[in-house]
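Peer 1: sequence? don't have it. structure:
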């Protein structure tokens with residue numbers, strides 16, 4: 001069970017591997033994943049108590065200051081976000097579709113968490129980094145009012161962090177679109 005999650009993105013792979021080692025040695029955390037991502041970035045996802053994850057992320061940010069692109073610590077992350085992040089399936093294809101695209105994985109994960117906590121929506125898909133030039137995108141479904149509110153709330157976080165790429169809300173996606181996604 002995830003207690004809290006920390007995400008750190010670095011701009012190069014060798015320093016990313018070194019930062020992952022430093023994070024593990026700095027606090028009582030567990031590594032969820034650590035891997036290269038597009039384009040030549042390195043992404044670290046940690047879990048543990050909020051204080052340990054915060055300490056590990058802070059340690060990496062201070063030690064690798066010039067290499068950190070983005071980072072985030074999220075306590076009490078919604079279980080739907082964890083499921084979407086580590087799932088290979090896709091969500092329910094019904095209702096409206098909302099999308100939030102960010103310039104980092106960390107900001108996409110945080111936007112997804114905010115979105116599902118804001119309104120009655122489901123995460124259709126959550127993709128981070130790989131094959132997307134290091135960007136992240138969250139796709140949510142539900143009633144149009146809920147989807148609009150969730151996209152607005154998730155996007156606000158990304159805007160505040162300077163990480164929003166784009167958003168979209170599609171009230172009634174065509175069936176062929178659902179099939180192609």
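Peer 2: Received the coordinates, thanks. Please read these numbers as outputs of a predicted model, since none were measured by experiment.

Peer 1: Pull out the buried residues from stretch 10-18.
Peer 2: 10-12, 15-18 (16 or more other C-beta atoms under 10 Å). To be clear about C-beta, it is placed using only N, CA and C from the backbone, and glycine gets the same treatment.

Peer 1: does the residue sitting nearest the centre point of the chain sit in a helix, a strand or a coil?
Peer 2: The residue lying closest to the centre of the chain (C-alpha atoms, centre = their mean) is residue 109, at 1.9 Å. Counting by DSSP: H, G, I helix; E, B strand; the rest coil, the backbone at residue 109 sits in helix.

Peer 1: Let me see the contact set for the closest residue to it other than its chain neighbours.
Peer 2: Excluding its sequence neighbours, the residue lying closest to residue 109 (C-beta to C-beta, 6 or more residues apart in numbering) is residue 7, at 5.9 Å. By C-beta atoms under 8 Å, 6 or more residues apart in numbering, the contact set of residue 7 is 43-46, 70-72, 74, 105-106, 109.

Peer 1: just curious, which of these is nearest to residue 137?
Peer 2: The closest of the contacts of residue 7 to residue 137 turns out to be residue 105 (C-beta to C-beta; 10.0 Å).

Peer 1: quick one: pLDDT of the closest residue to the closest one other than its chain neighbours?
Peer 2: By the measure of C-beta to C-beta, 6+ apart, the closest residue to residue 105 outside its immediate chain neighbours is residue 128, 3.5 Å from it. On pLDDT, residue 128 comes in at 82.

Peer 1: which residues pair with residue 128 across the strands?
Peer 2: In this entry, residue 128 is beta-bridged to residue 136, by DSSP bridges.

Peer 1: What of residue 4?
Peer 2: Those that pair with residue 4 in a beta bridge, by DSSP bridges, are residue 48, residue 75.

Peer 1: How many residues are close by residue 45?
Peer 2: Counted by other C-beta atoms under 10 Å, the residues lying close to residue 45 total 23.

Peer 1: and it, that's in a strand?
Peer 2: Yes: assessed with three-state DSSP, residue 45 lies in a strand.

Peer 1: Wait, it touches residue 32, no?
Peer 2: Yes: applying C-beta atoms under 8 Å as the test, residue 45 and residue 32 come out as touching, 4.2 Å apart.

Peer 1: Return every residue with contacts to both of those two.
Peer 2: Counting by C-beta under 8 Å, 6+ apart, the residues touching both residue 45 and residue 32 are residue 5.
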